[in-house]
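Participant: quick one, what's the 3D model for this:
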Amino acid sequence: MIKETAKIVSAYLSGNHLAENEISDFIRSTYAALVATTSPDPVTEAANAQPAVPIKKSVTPSAVICLECGKKFSMLKRHLRTDHDTSANEYRTKWGLPSTYPMVAPDYAARRSALAVKIGLGHSRQSAPASASKPKRASKSSAE
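Facilitator: Numbers count the residues shown, from 1 in each chain. So this is what the prediction gives:
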C-alpha cells in the first residue's frame, strides 16, 4: 500500500506544485483513499455470508426460520427489526430472496385471512334505505 501511495504522490508532484506543509496532508489523504478502496465491502461480505439454515428449508407451514440466527417465528418482520436491526427488504436483498418471499408463516397467514373474511373485511358496507331509518320520536305536546 505504501509503494502505491509513493507512486501516486510522486506522479502527481512531478506535474503539480504543492507547498511543503501540504505535501504531508496529500500523502495521508492519498494513503487513506487507497486503504478505503481496498477494504472489504459490506455488500461483498454479506454475499459470502452463510444462512443459518438452507433457504429452501426456511419456510415451513407453521413457521418462517430466520436465516440470520436460525430461530423459528410465525412473523419474521418484527424479529428482523428488533434483533437484527434490518428491514424486510434489506433482509431479502442480503440473502438474494425474491420480493415474494414470505415474512409470515403460511398457516398463520391462512388463519388471519379466514378471520378477516369472517368479520367481513374487504367488503363494502351496504347502506340502509332511507325509509328504514329510525322513526322520529313524537313530541310531548302531541302525545297529550
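
Participant: what segments of this structure are strands?
Facilitator: With DSSP state E as the definition, the chain shows strands at residue ranges 64-65, 72-73.

Participant: which residues touch the first one?
Facilitator: Surrounding strand 64-65, the residues in contact under the criterion Cβ atoms under 8 Å, 6 or more residues apart in numbering are 52-53, 57-59, 71-76, 102-105. No exception for glycine: its C-beta is placed from N, CA and C like everyone else's.

Participant: which one of those is nearest residue 124?
Facilitator: residue 104 (26.1 Å; Cβ to Cβ).

Participant: point to the residue nearest the middle of this structure.
Facilitator: A centroid search over the chain (Cα atoms, centre = their mean) returns residue 87, at 2.2 Å, as the residue closest to the centre.

Participant: ok, it touching residue 76?
Facilitator: No. Contact criterion Cβ atoms under 8 Å: residue 87 and residue 76 do not qualify, at 11.3 Å.

Participant: how is the protein divided into domains?
Facilitator: 2-39, 46-118 (automatic domain parsing).

Participant: could you identify which of these is most buried?
Facilitator: Per-stretch averages of neighbours, counted by mean count of other Cβ atoms under 10 Å, single out domain 46-118 among the domains of the chain, with a mean of 14.

Participant: so where is the chain shaky, pLDDT-wise?
Facilitator: Where the chain drops to pLDDT under 70, the residues are 39-48, 126-136, 138-144.

Participant: where is the longest helix in it?
Facilitator: Using DSSP state H, we find that the single longest helix of the chain is helix 20-38.

Participant: quick one on the thing from earlier: got a list of what the residue nearest to the centre of the chain touches?
Facilitator: 80-81.

Participant: next one: it from residue 28, what distance?
Facilitator: Plainly put, residue 87 is 37 Å away from residue 28 if you go by Cβ to Cβ, to the nearest Å.

Participant: cool, and residue 75?
Facilitator: 50 Å.

Participant: can you map out the helices along the chain?
Facilitator: Going by DSSP H, the chain shows helices at 2-15, 20-38, 42-48, 77-83, 88-95, 106-118, 140-143.

Participant: bridged to the nearest residue to residue 63 once chain neighbours are set aside, which residues?
Facilitator: Leaving out its chain neighbours, the residue that sits closest to residue 63 by Cβ to Cβ, 6 or more residues apart in numbering is residue 72, at 3.9 Å. Beta bridges link residue 72 to residue 65 when assigned by DSSP bridges.
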